[in-house]
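**Q** Everything below, folded, please.
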Amino acid sequence: MAHTLRTAHTADLTRAELAAARDLLGAAFDGGFSGEDWEHALGGIHALVHDATGLLAHGSVVMRRALHRGRWLRVGYVEAVAVRADARRRGLGGEVMGALERFVDGGYDVGALSASVDGAALYEARGWQLWPGRISALGTDGVIHLPEEEGSVFVRRAAAGSLDPADGLVFDWRDGDVL
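**A** Next comes the predicted model:
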């Protein structure tokens, strides 16, 4: 069955499209996709794959900031990537990522995402690199080390090799899961 890929800013999605994406994510993450997780996926560019049966896949990229080597980087942060269970292993996740990577590569200093164990292989195959350094966030009480996030954060950029893991990445704070 033929499918179509659409990219659009959150503001350009209909209520029905947003509801379909939220439902897809809830199902794909077995109910483990919170309201705060959904909020993290909003405000940027979405990639949506549809066919005659409805929404098959979704992902978004939003802007965040990360402090690295004394400079605040513009980060294209990938969120809410999922493929409907009956449409998996057909390349749709890669199609979504390809669309999002165009925005990451063209509009940000670096791309980043936090991968599940199941999703890590997709990102590695697409050239994302596991971040080997320290992960922290800037909270109301200063910099907070997030050791539980280390080993799941991937970065993307041709110059990602010039990022120095000895310095670490300090992400902006947000409610819910920080990364």
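
**Q** before we move on, which element is the residue nearest the centre of the chain in?
**A** With distances taken as C-alpha atoms, centre = their mean, the residue of the chain nearest its centroid is residue 78 (1.8 Å). Here residue 78, judged by DSSP states H and E, is contained in strand 71-83.

**Q** Can you tell me the strand partners of that strand and which way each runs?
**A** Note on strand 71-83: by DSSP bridges, its sheet partners are strand 54-68 (antiparallel), strand 110-114 (parallel).

**Q** Follow the chain on from it and name the next helix or strand.
**A** Using DSSP H and E, the helix or strand that directly follows strand 71-83 along the chain is helix 92-107.

**Q** Could you figure out how far that following helix is turned away from strand 110-114?
**A** Angle between the axes of helix 92-107 and strand 110-114 is 140 degrees (criterion: axes from the mean of the first three to the mean of the last three C-alpha atoms, to 10 degrees).

**Q** what helices or strands is helix 92-107 leaning on?
**A** Taking 3 or more C-beta pairs under 8 Å, 6 or more residues apart in numbering; DSSP states H and E as the contact definition, the neighbouring helices and strands of helix 92-107 are strand 4-9, strand 45-51, strand 54-68, strand 71-83, strand 110-114, helix 120-125, strand 153-156. C-beta here means a position set from N, CA and C on the backbone, and glycine is covered the same way.

**Q** nearest spatial neighbour of residue 22, skipping sequence neighbours?
**A** Ranked by C-beta to C-beta, 6 or more residues apart in numbering and with sequence neighbours excluded, the top spatial neighbour of residue 22 is residue 38, at 5.7 Å.

**Q** how near is that neighbour to residue 28?
**A** In this view, residue 38 and residue 28 are 12 Å apart by C-beta to C-beta, to the nearest Å.

**Q** Among these two, which residue is more densely surrounded?
**A** residue 28 (20 against 17; other C-beta atoms under 10 Å).

**Q** quick one: contacts for that one?
**A** Residue 28 makes contact with 82, 83, 84, 85 under the criterion C-beta atoms under 8 Å, 6 or more residues apart in numbering.

**Q** where does the chain have low pLDDT?
**A** When the per-residue scores of the chain are filtered using pLDDT under 70, the ranges that remain are 158-161.

**Q** residues in contact with the residue nearest to residue 9 when sequence neighbours are not counted?
**A** Leaving aside its chain neighbours, residue 9 sits nearest to residue 45 (5.8 Å; criterion: C-beta to C-beta, 6+ apart). Contacts for residue 45 were tallied using C-beta under 8 Å, 6+ apart; they are 7, 8, 9, 60, 61, 100, 103.

**Q** same thing with residue 92?
**A** If you count contacts by C-beta under 8 Å, 6+ apart, residue 92 has them with 3, 49, 56, 57, 83.

**Q** If anything else comes up later, I'll come back, but that's it for now.
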